[in-house]
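S.K.: quick one, structure for this:
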Amino acid sequence: MDSILIIALATMGGLGFIFAGGLAFADRKLRVEENPLIAKVSELLPNANCGACGNAGCYDFAVKVVEGKLAPTSCPVCDEEAAAEIAKLTGGDGVNAIKLLPRILCGGGDGKAKNKDVHYKGPSKCALTDIVAGGDKKCSYGCLGGGDCVEACKFNAIYIGNDKLPVVIEELCKGCGLCAQACPRGIIEMHPAERDLFVYCKSHDDPKTSKENCSAACIGCGICARNSNGAVEIIDNLAVINYELLNPGEIPIEKCSTRAIKKIAKNKMTVSLN
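M.R.: Residues are numbered from 1 along each chain as shown. Here you go, the predicted structure:
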């Protein structure tokens, strides 16, 4: 009996030794050496794995940058200094990265946008509310205030204010655009940080209906468009800005009766949207 046990142990040990040797040989022969640049690029990335660049994560992004498939500036979260350093390492172009910030283009918060006579009771998520009942507001284009944008932000850079409209904290915002992707009504748009003139309305209702539904709505009167040299057009009852033609000094924003078009009000910490 003892001899059988000894033979079995010896056999198992021998097989283990042979398999270990085979694995070691295969590892040495089949190993693919990773480019050390990938680790260096990965260290410079924010490693938030937010997916805003369209890749599986920051490591996947780093691999593609090193392989020359993506530019260092393709990461919307990466700051200019890091992008420049990555460009230096990989020989890519890391200059002229434009900082983007989300702008919430709706002024119809509590006290301005009128509510429906029937109160909606159900899931508060914007995506669900928009499909099921369209929310509490009479305006079917306005912000729903459910906070899908807040949940989508991985940097705690956006919150719902007292008027139930989102507020952006510029110092925390990385410009990834996930909040804009999460908005079912297209209220949030990504714009260059230095851009400060916007139409805070998305309504395409007729002027009478827009004014009845919200005191901050664009009513398509055309005052802003008349002296804009084509930079502002009234399209389907809504003022639309062509930023390539825009000269902000030409737009008589002070004559807008509802203040739907105006310059963004900034303070040190947040972007106020009212």
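S.K.: okay, residue 78 and residue 36: tell me how far apart.
M.R.: For residue 78, the distance to residue 36 equals 20 Å [Cβ to Cβ, to the nearest Å]. Using the backbone N, CA and C atoms, a C-beta is placed for each residue, glycine as well.
S.K.: so between these two, which is more surrounded?
M.R.: residue 78 (26 against 9; other Cβ atoms under 10 Å).
S.K.: the more buried one and residue 71 touch, don't they?
M.R.: No - taking contacts as Cβ atoms under 8 Å, residue 78 lies outside contact range of residue 71: 10.8 Å.
S.K.: show me where the protein has strands.
M.R.: Assigned strands in the chain, in chain order: 100-104, 158-160, 166-168, 188-192, 197-199, 232-235, 238-241, 261-263, 265-266, 271-272 (criterion: DSSP state E).
S.K.: which strands or helices does the third one pack on?
M.R.: Helices and strands touching strand 166-168, by 3 or more Cβ pairs under 8 Å, 6 or more residues apart in numbering; DSSP states H and E, are strand 100-104, strand 158-160, strand 271-272.
S.K.: can you tell me the centre-most residue of this protein?
M.R.: The centroid of the chain falls nearest to residue 177 when counting by Cα atoms, centre = their mean (1.2 Å).
S.K.: and that one, what does it touch?
M.R.: Taking Cβ atoms under 8 Å, 6 or more residues apart in numbering, we find residue 177 in contact with 52, 76, 100, 102, 190.
S.K.: can you tell me which of the helices and strands packed on strand 166-168 is nearest to residue 45?
M.R.: Among the helices and strands packed on strand 166-168, the nearest to residue 45 by Cβ to Cβ is strand 100-104 (17.3 Å).
S.K.: by contact count, what packs against the closest one?
M.R.: Counting by 3+ Cβ pairs under 8 Å, 6+ apart, strand 100-104 packs on strand 166-168, strand 188-192.
S.K.: just the angle for that strand relative to strand 188-192, thanks.
M.R.: Interaxial angle of strand 100-104 relative to strand 188-192 (axes from the mean of the first three to the mean of the last three Cα atoms, to 10 degrees): 140 degrees.
S.K.: show me the contact partners of strand 100-104.
M.R.: 76, 143, 149, 158, 165-168, 170, 173, 175, 177, 179-180, 187-193, 198, 264, 271, 273.
S.K.: show me the helices in the stretch 101-250 of the chain, by range?
M.R.: All helices of the stretch 101-250 of the chain, identified by DSSP state H, counting those that start in this stretch, fall at 126-132, 148-152, 178-182, 207-213, 223-226.
S.K.: and the contacts of strand 100-104, which are buried?
M.R.: Buried by 16 or more other Cβ atoms under 10 Å: 76, 143, 149, 158, 165-168, 170, 173, 175, 177, 179-180, 187-189, 191, 198, 271, 273, out of the contacts of strand 100-104.
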